[in-house]
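Student: Quick one: sequence plus predicted model below, questions after.
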Amino acid sequence: MRVSRRLLLKGAVAAGAAAVLPERARARERVEPEAGAVGMLYDSTRCVGCGGCAAACKESNGQPWDDPRELSSTTRSVVKTRRLGRPAADGAVTALVKRQCMHCVDPSCVSVCVLGALHKEGRGKRDMGGERRGTGIVLYDKDLCLGCRYCQIACAFAIPRFEWREAFPLISKCELCRHRADPAQEGPRAVANPACAQVCPAGALQYGWRADLLVEARRRQAAEPGRYQERIFGEKEGGGTQVLYLAAAGVSFADLGFPELPEGSYAHASETVSHAPYLNGLAPIGLYAAAAYLVRRNRKEQEGEPSHEEEKP
Amino acid sequence: MTAQARARAIGGPLLDRPMLWLLALFAVAEAVIVFRFIDGIGAVSNMNDGYAWGIWEPVNVVVFTGIGAGAYSVGLLCYLLNRGHYHPLVRPAVLLAAIAYSLGGASIVVALGRPWNMYLLAAPPLWNLSSVLLEVAVCVIAYVCVLWIEMLPAVLDDAARSPERARAAWGQRWGRRLARAMPWIIALAMLLPTMHQSSLGGLMIVAGPKLHPLWHTSLLPLLALVSCLSMGLGAVVVLTALMKHTWSARLDGLLLADMSRVNGLLLVLFAVVRLADIAWSGKLGLLLVPDFHLAFFVLELALFLIPAFLFLSRRVRQNRARIAGALAVVAGCSLWRIDAFLTCYDAGEGWSYWPSAGELAVTVGMAALGVAVFILVSRLLPVVELQEPVVSTSVPAAVAAFVLSGPAEAAQGQEAPRVTAGPGAAATRPAEGAGAPG
């Protein structure tokens, strides 16, 4: 009787291990940009601050126009005027910057999301419908969202917004207008079609394959030496992002409101630290077995003295 | 005789005045919670997109569960390190933990924006195994169940002592069955907190640039684990002292002294690991920047090191100062947790946060409910070991006595040499009388 129960428990532990191990066995590697990654290139030097992109964003996402100054649960894209710490190379004391979801290559929000409500397109726990693998767009599946807001804590760019005054709140952030994709087209527009990029009159905003956008950014830097600062924000920062930024010479990205990030992603750092002690799931099983053994042994020893289980009332 | 044999229900009025006060505090919290579910979290809180967790996560979850870690740390000593004489502390510690963790869990449900989706946690295929919070959530839910199962022996003991024959027989039969299964459950009760308490610290690693470098380190999980052991031991010492003054619970001075010594070592370990890590990562320069971060850092360190010093001095850990020390430990560990999650977390430019009255009401009300449930269960079930004869004081009078009374305990003869060696210690130890009437 007793033996069979023990066998049962061993079986349960083994089953647990079998369930956990394959998942853990895929050790956490550095995430590289996917081949089919789409993104945007924003050129701060060309932006004229008309706000057309923000208006188009609201229209395409069915949100009312309210002259936004900051991202909010009803604003997924905004153009801000930033006062510079010191004047730019051309003497400007302010610079424009469009803020929206960066669609990180290895996003913290995706790493922390409890049930994978925020997920890379095609790589979630379930398909929301027509998801393609490899685009790298960070999508939000409200039906898997607990509203824990860990994404807001985790996002270094402070992008995800929460509907604080709703009884049934949602997280809101740019999804690159995946809903405007046109399958009839060839190329990146078959994947998504950001309204903001489509309306930009100044050529400051361009949508396309991330790899192409990087080439284009470098081409612009080479074509007009002295116009841009040499960094392309998002190429490497925080593991890389799919929305890339060019800034004018002498303008630091910190002045534009971006955090100073290491080359590796925080998702990678956090998962490595958190997973390492688990030794692919072996550590908890070993700990449990050791604890069970010690508890039983010690209890037998302590039962040398009369214990309450044997005591008659 | 082991401890549980002597534990008994306190009895006494269930709805006395302090209980009514506690319930009134909870009623206020409940009103706020109702409003929150109708009009959204923003309606009752000052949480915003920058400070998305407000005080509910740092205090109601991270601090409450830290206080509840007493069951973990006392359990480790009692069951794994084979110090059977810790048994009398286990049941009160487990009850405290069961309540603290349940309240932490309940607070999460209030704080979650879309709690109705929680049922999906029951579907492992949906789990994002990368998420530290998933680990915390699943582990804490499991641990709450384990803790309440650990409380079942109290129910069965109570039944076994019933004058009703059938009930007594039922209590004895199931008591024996449960006792056989207990080692497997206790082992879980050792494993789960190891996992989720370290993960609680690990939650903030991903916050990277937002967390002040004096708090942000890859060692956050280790620090959280060590600090929960300290905090749990401290909380049990405070709880035991409160119960002695409230209900004349037995207080084994030697046991508390022994536990405080262990705690002293843990506190030193925490401080050494933290300082070494700061030095190792080349952050020592930050200790020269006089801002509020440094003030909190120094305050935390003081609240760790002063009690450590107290506990490691034999004279002090055997007198009343150890209770002050234990309070300092709980305060220090709580402060470190709140700092890492809120005070020294910087959401970036343009964000500010101060808790609203509604948020505070929920936090206070949840804590009040915890105290109320602890009193209620202790009155009804054999949890606390009592001195004879039973004297049931009212809570306020007892708290007043606890705060005001002179060093009464210091007078209790506790200088008797301890026999600590080996598994036989519990049996041979001469200390049974330390807290006994007299």
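Tutor: It's in.

Student: Every contact and neighbour count from this point should use C-alpha atoms.
Tutor: Noted.

Student: Residue ranges in chain B under the pLDDT threshold?
Tutor: B:1-5, B:388-438 (pLDDT under 70).

Student: do that again at 90, thanks
Tutor: Scanning chain B for pLDDT under 90 picks out B:1-8, B:10-12, B:79-88, B:208, B:244-258, B:313-323, B:348-350, B:385-438.

Student: residue contacts, A:Val199?
Tutor: Contact analysis of A:Val199 by C-alpha atoms under 8 Å, 6 or more residues apart in numbering or on different chains lists A:52-53, A:56.

Student: Let's see that with 7 Å instead.
Tutor: Going by C-alpha atoms under 7 Å, 6 or more residues apart in numbering or on different chains, A:Val199 touches A:52-53.

Student: What is the neighbour count of the nearest residue to B:Ala7 once chain neighbours are set aside?
Tutor: Spatially, and ignoring its direct neighbours in sequence, B:Ala7 is nearest to B:Glu385 (3.9 Å; C-alpha to C-alpha, 6 or more residues apart in numbering or on different chains). By other C-alpha atoms under 10 Å in any protein chain shown, 25 other residues sit near B:Glu385.

Student: Setting aside sequence neighbours, what's the nearest residue to the residue in the stretch 201-350 of chain B that chain A sits nearest to?
Tutor: For the stretch 201-350 of chain B and chain A, the shortest gap (C-alpha to the nearest C-alpha) falls at B:Ala207, measuring 4.6 Å. Leaving aside its chain neighbours, B:Ala207 sits nearest to A:Ala154 (4.6 Å; criterion: C-alpha to C-alpha, 6+ apart).

Student: The one you found and B:Ile10, how far apart?
Tutor: Distance of A:Ala154 to B:Ile10, given as C-alpha to C-alpha, to the nearest Å: 47 Å.

Student: In contact with the spatially most central residue of chain B, which residues are there?
Tutor: Compute the mean C-alpha point of chain B, and by C-alpha atoms, centre = their mean the closest residue is B:Ile67, 1.8 Å away. Counting by C-alpha under 7 Å, 6+ apart, B:Ile67 touches B:231-232, B:235.

Student: Can you tell me which of those residues is nearest A:Ala92?
Tutor: The shortest gap between A:Ala92 and any of those belongs to B:Met231, at 54.6 Å (C-alpha to C-alpha).

Student: Dihedrals phi and psi, that closest one?
Tutor: phi -60, psi -40 (degrees, to the nearest 10).

Student: what do you get for B:Asn128?
Tutor: Main-chain dihedrals, B:Asn128, degrees, to the nearest 10: phi -90, psi 100.

Student: you'd agree it is up against A:Gly116?
Tutor: Yes - the criterion here is C-alpha atoms under 7 Å, and B:Asn128 meets it with A:Gly116 at 5.6 Å.

Student: Same drill for A:Ala154 and B:Ile10, tell me which one is more crowded.
Tutor: A count of neighbours by other C-alpha under 10 Å puts A:Ala154 above the other of A:Ala154 and B:Ile10, at 28 against 24.

Student: quick one: contacts for the more buried one?
Tutor: Here A:Ala154 is in contact with A:108-109, B:206-207 (C-alpha under 7 Å, 6+ apart).

Student: With the flanking residues excluded, which residue is spatially nearest to B:Gln318?
Tutor: In space, B:Gln318 comes closest to B:Ala257 once its chain neighbours are excluded; the distance is 5.3 Å by C-alpha to C-alpha, 6+ apart.

Student: Which positions within whatever helix or strand that neighbour lives in qualify as buried?
Tutor: For B:Ala257, the host element (DSSP states H and E) is helix B:253-280. By neighbour count on 16 or more other C-alpha atoms under 10 Å in any protein chain shown, the buried set for helix B:253-280 is B:253-271, B:273-275, B:277-278.

Student: And for stretch B:179-190?
Tutor: Quick answer for stretch B:179-190 (16+ other C-alpha under 10 Å): B:182-190.

Student: Redo those as a markdown table? Include secondary structure and distance to chain A.
Tutor: Shown next, in a markdown table, are the buried residues of stretch B:179-190 (DSSP: H, G, I helix; E, B strand; the rest coil; distance: C-alpha to the nearest C-alpha, whole Å):
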| residue | secondary structure | distance to chain A |
| --- | --- | --- |
| B:Met182 | helix | 9 |
| B:Pro183 | helix | 6 |
| B:Trp184 | helix | 6 |
| B:Ile185 | helix | 8 |
| B:Ile186 | helix | 7 |
| B:Ala187 | helix | 5 |
| B:Leu188 | helix | 6 |
| B:Ala189 | helix | 9 |
| B:Met190 | helix | 7 |
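
Student: ok, the residues you listed vs A:Glu121, which is closest?
Tutor: B:Leu188 (37.3 Å).

Student: all strands in chain A, in order from the N-terminus.
Tutor: Per DSSP state E, chain A carries strands over the ranges A:38-43, A:78-83, A:94-99, A:118-120, A:138-140, A:161-162, A:171-172, A:205-209, A:243-246.

Student: typed the wrong thing, it's chain B
Tutor: B:7-8, B:384-385.

Student: tell me the contacts of the residue of the stretch 201-350 of chain B closest to chain A?
Tutor: With C-alpha under 7 Å, 6+ apart, B:Ala207 has these contacts: A:153-154, A:156.

Student: want to throw these into CSV with pLDDT?
Tutor: Converted to CSV, these look like this (pLDDT from 0 to 100):
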residue, pLDDT
A:Ile153, 97
A:Ala154, 97
A:Ala156, 96
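
Student: So which of the residues you listed sit within helices?
Tutor: A:153-154 (DSSP state H).

Student: Please convert the contacts of B:Ala207 to CSV, extending it with distance to B:Leu120.
Tutor: As requested, the contacts of B:Ala207 are exported to CSV (distance: C-alpha to C-alpha, whole Å):
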residue, distance to B:Leu120
A:Ile153, 22
A:Ala154, 22
A:Ala156, 28
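
Student: Would you mind checking which of the contacts of B:Ala207 is nearest to chain B?
Tutor: For the contacts of B:Ala207, the minimum distance to chain B (C-alpha to the nearest C-alpha) is 4.6 Å, reached by A:Ala154.

Student: Identify whichever of the strands of chain A lies nearest to B:Pro307.
Tutor: Judging the strands of chain A by C-alpha to C-alpha, what sits closest to B:Pro307 is strand A:161-162, at 41.8 Å.

Student: Chain B contacts on the stretch 51-200 of chain A?
Tutor: A:108, A:111-116, A:125, A:144-149, A:152-154, A:156, A:158, A:161-162, A:164-169 (C-alpha under 7 Å from any C-alpha of the partner chain).

Student: Buried subset of those as a PyMOL selection?
Tutor: Buried subset of these, written as a PyMOL selection, criterion 16+ other C-alpha under 10 Å:
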select buried, chain A and resi 108+111+112+113+114+115+116+125+144+145+146+147+148+149+152+153+154+156+158+161+162+164+166+167+168+169
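
Student: I'd say A:Cys104 and A:Thr241 touch.
Tutor: Yes - if you go by C-alpha under 7 Å, A:Cys104 and A:Thr241 touch, sitting 3.9 Å apart.

Student: and B:Ile338, how far is that from B:Glu300?
Tutor: For B:Ile338, the distance to B:Glu300 (C-alpha to C-alpha) stands at 11 Å.

Student: When these two are compared, which one has more neighbours?
Tutor: For B:Ile338 versus B:Glu300, neighbours defined as other C-alpha under 10 Å are more numerous around B:Glu300 (22 against 19).

Student: and that one, what does it touch?
Tutor: B:Glu300 is in contact with B:332, B:335-336, counting by C-alpha under 7 Å, 6+ apart.

Student: just A:Pro201 next, same as before
Tutor: Contacts of A:Pro201 by C-alpha under 7 Å, 6+ apart: none found.

Student: Give me the neighbour count for A:Ala184.
Tutor: Applying other C-alpha under 10 Å, we find 8 residues neighbouring A:Ala184.

Student: ok, it to A:Val191 distance?
Tutor: Using C-alpha to C-alpha, A:Ala184 is found at 10 Å from A:Val191.
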